[in-house]
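1. 3D model of this:
(one chain, ligands or ions: 2)
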Amino acid sequence: MEERKEKVLLVGLNITNIFRKSDNIEINDSMNELEELAKAAGADVVDKIIQNRQSRDVAFYVGKGKAEEIKVYCESLDIDIVIFNDELSGAQIRNLEEVIGIRVIDRTALILDIFAQRALSKEGKLQVELAQQKYRLPRLYGLGKEMSRTGAGIGTRGPGEQKLEIDKRHILNRISDIKRELKEVKKNREIQRSQRLRSNIPIVALVGYTNAGKSTLTNEIIKTHKEYSKDKNVFSKDMLFATLDVTLRKALLPNKREFLVVDTVGFVSKLPHDLVEAFKATLEEVKYADLILHVVDASNSNYDLQMNTTLDVLKELKALETPVITVFNKADKLDYEVNAKKDEDVVFISCKTGYNIGLLLDKIEKKIMGNLHKVAILIPYDRGDIFNTIKNKTNVENFEYKEDGIYAQVILDESDYGRYKDYILD
Ligand SMILES: Nc1nc2c(ncn2[C@@H]2O[C@H](COP(=O)(O)OP(=O)(O)OP(=O)(O)O)[C@@H](O)[C@H]2O)c(=O)[nH]1
Ligand SMILES: [Mg+2]
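-> Residues are numbered from 1 along each chain as shown. Ligands and ions are numbered 1, 2, ... in the order given. This is a model prediction of the structure:
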C-alpha cells in the first residue's frame, strides 16, 4: 500500500534589516531550495509563505499574529506539517506547535531527516544518528507531544535500529555509544587509507554543492578503467542529497596510470553544524586527496554562492592547500557561448553531452602527475605525520635526524610539491 504523502506548508523569514548580510541567498531562492529539500524528504509541498520582518521573533520566530494566521491557513488546506526555513529553538517549536496545532519542524530537522532516509553505510547511519541526537538534546523541553513521537513521518525518522528516545539520559548514553562505535569504524578506515597511500595511487576527490553532478561525473570518469562495468556506477539523481556515502572507484588517466575517484556528499547552504561535524570524518578522504575537482552547476543562477558554500566547508576541513580544478558542469544548459577559459585550473564540461570530458582528464593527468621534482625537505619534529605520509608515498629510504627536523632527499609529484612547499629547502 502506498503511503499518503505528508502535506506541508513552508514558511520563511525575510529579514529586511539594512544590516543584513548581502551575500545571503535571496529569500526566494532559499525557499525554492527548501521546497526541493522537502520533496527530497517525500513531502507534498502545498504552499510557501514568506514573512517580512526586521528580526526574528524570539518566541514565535514569525510573530504570534502570523502564527495564528498560519493556523487558519493550515486548517483550510488540511496541512500535516509546517516547515520553517531556519533553525528554531526548542521554545519556538513548542510555542508554534501550541498555536498552530500541528507538527512544526525546521530546516535542520528536515535535512537530518533526508540524511536519515538515505544513509547506507554503517558509518553514515551512525553519523546521522549522532547529529540527530545532538539536535534533539537541547530541544527536549521544546519537543511537545507532536514532536516526541518517533516514526511519525518527516523529522522523526532515524537511521538506526534504535528508536530515538526522548529522555535526556538515554540520549546522552546513546551519544557516547555512537561515538565509541564511530571510533572503531574510523580505525578501520585509517588502515585502509594508509594502505592506499602506500600503494601510491593518486586520489582525486569530487566535491561541490548538492545536485551539481558529482556522481554523474564520477560515472563518466570511471568508464576509463578496464575493469569498468555498469554495476560500478554510483547513484546519481536529480534530487538534493542523492549521495550520502563517500565512495571510491578506480579510473585511468590518458597515460594509463591508475587513479582513485572519490565521490562525496554534496553541500547545501545553512547545512546544520552538527551534520558538518558528523560528516567531517567521512570527508577526511578529501583532505588526503591529491587533487580536488570542485564541481559546479554552471546553469544554476546561484552558482557563485554555491561555490562559496563549498569553499567554506573545504576551509573547515583544512583542505584548502590541496590543488583544485574548478569544473563548471551542465554547460549544455547554458544559453550563451561558453568560453572554455585558457586558465589551466578551470574547465567547462557537460556530463550529458560528453563535452570536454577528455580535456578534463588531460587536466587531471597534468595536475596529478605534473613534473616530478627532486628536492630536499626538512620536516619539523612536530609534523611527523607529514614525514610519514611523504615517506610512504615516495618510498624514501635515506633520511637524517637533524637538530631542527627530519632531512631527506625525495622526488615529489606536482601536487605534493605544491602541498609541502613550506618544507622544501632551496
Ligand atoms: N543537463 C545536464 N544535467 C546534468 C549534467 N550532469 C549531471 N546532470 C544531472 O544533474 C542531476 C544531479 O546529478 P548528480 O550527479 O546526482 O549530482 P550530485 O552532485 O552527485 O548530487 P548530490 O549527490 O545530491 O550531492 C542529475 O539529474 C543528473 O542527470 C549535465 O552535464 N547536464
Ligand atoms: Mg551524488
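
2. Correct me if wrong: residue 379 contacts residue 388.
-> No - between residue 379 and residue 388 there is no contact, the gap being 9.5 Å when judged by Cβ atoms under 8 Å. (Each C-beta comes from the backbone N, C-alpha and C, glycine too.)

3. what's the longest helix seen in the chain packed up against?
-> Of all the segments of type helix in the chain, defined by DSSP state H, the longest one is helix 168-199. Contact analysis of helix 168-199 by 3 or more Cβ pairs under 8 Å, 6 or more residues apart in numbering; DSSP states H and E lists helix 122-136, helix 273-287, helix 384-394 as its packing neighbours.

4. so residue 325 makes contact with residue 364?
-> Yes - with contact defined as Cβ under 8 Å, residue 325 reaches residue 364; the gap is 6.9 Å.

5. rewinding a little: mean pLDDT lowest for which of the helices and strands packed on helix 168-199?
-> Note on the helices and strands packed on helix 168-199: helix 273-287 shows the lowest mean pLDDT, a mean of 73.

6. I'd like the next helix or strand past the longest helix of the chain.
-> strand 203-208 (DSSP states H and E).

7. thinking again about what came up before, residue 96 is nearest to which of the helices and strands packed on helix 168-199?
-> Residue 96 lies closest to helix 122-136 among the helices and strands packed on helix 168-199, at 16.7 Å (Cβ to Cβ).

8. And that closest one, how far out from the chain middle?
-> The chain centroid and the centroid of helix 122-136 are separated by 15 Å, computed with Cα atoms, centre = their mean, to the nearest Å.

9. Use 285 as the first number for this chain going forward.
-> With 285 as the first residue, the last one maps to helix 406-420.

10. Show me what it is packed up against.
-> Where contact means 3+ Cβ pairs under 8 Å, 6+ apart, helix 406-420 is packed against helix 391-402, helix 452-483, helix 557-571.

11. and it, anywhere near ligand 1?
-> No - counting by Cβ under 6 Å from any ligand atom, ligand 1 has no neighbours in helix 406-420; the shortest distance is 12.6 Å.

12. Show me which positions of that helix end up buried.
-> 407-420 (16 or more other Cβ atoms under 10 Å).

13. in this protein, what residue is nearest ligand 1?
-> Residue nearest to ligand 1 within the chain: residue 550 (2.2 Å; Cβ to the nearest ligand atom).

14. for that residue, what are its contacts?
-> 492, 493, 494, 495, 496, 498, 524, 525, 526, 527 (Cβ atoms under 8 Å, 6 or more residues apart in numbering).

15. same question, residue 392
-> Contacts of residue 392 by Cβ under 8 Å, 6+ apart are 371, 419, 554, 556, 559.

16. how about the residues of this protein near ligand 1?
-> 492, 494-500, 520-522, 524-527, 550, 613-614, 616-617, 634-636.

17. related to what we said a few turns ago, please identify the most buried of the helices and strands packed on helix 406-420.
-> helix 391-402 (a mean of 24; mean count of other Cβ atoms under 10 Å).

18. Can you report the mean pLDDT over the residues of it?
-> Mean predicted confidence for helix 391-402 is 88.

19. My guess is residue 551 contacts residue 495. True?
-> No - here residue 551 lies out of contact with residue 495, judged by Cβ under 8 Å, at a distance of 10.4 Å.

20. Look at the two and report which has more neighbours.
-> residue 495 (25 against 22; other Cβ atoms under 10 Å).

21. Pull the contacting residues for that one.
-> 522, 523, 524, 526, 550, 581 are the contacts of residue 495 under Cβ under 8 Å, 6+ apart.

22. now swap in residue 570 and tell me
-> 489, 491, 546, 548, 576, 598, 601, 603, 606.

23. Check the second one and give its pLDDT.
-> In the prediction, the pLDDT value recorded for residue 491 is 93.

24. ok, what's across the strand from it?
-> Residue 491 has the following beta-bridge partners by DSSP bridges: residue 578.

25. Looks like it contacts residue 598 (just checking).
-> Yes - counting by Cβ under 8 Å, residue 598 is a contact partner of residue 491 at 6.8 Å.

26. where do the contact lists of these two overlap?
-> Any residue near both residue 491 and residue 598 by Cβ under 8 Å, 6+ apart counts here, and that gives 570, 576.

27. of the two, who's got more company?
-> residue 491 (28 against 21).

28. Quickly find the element holding residue 357.
-> helix 348-361.

29. which neighbours does the helix or strand that that helix is followed by have in its sheet, and in what orientation?
-> Moving toward the C-terminus from helix 348-361, the next helix or strand (DSSP H and E) is strand 365-368. Strand 365-368 sits in its sheet next to strand 291-299 (parallel), strand 387-390 (parallel), going by DSSP bridges.
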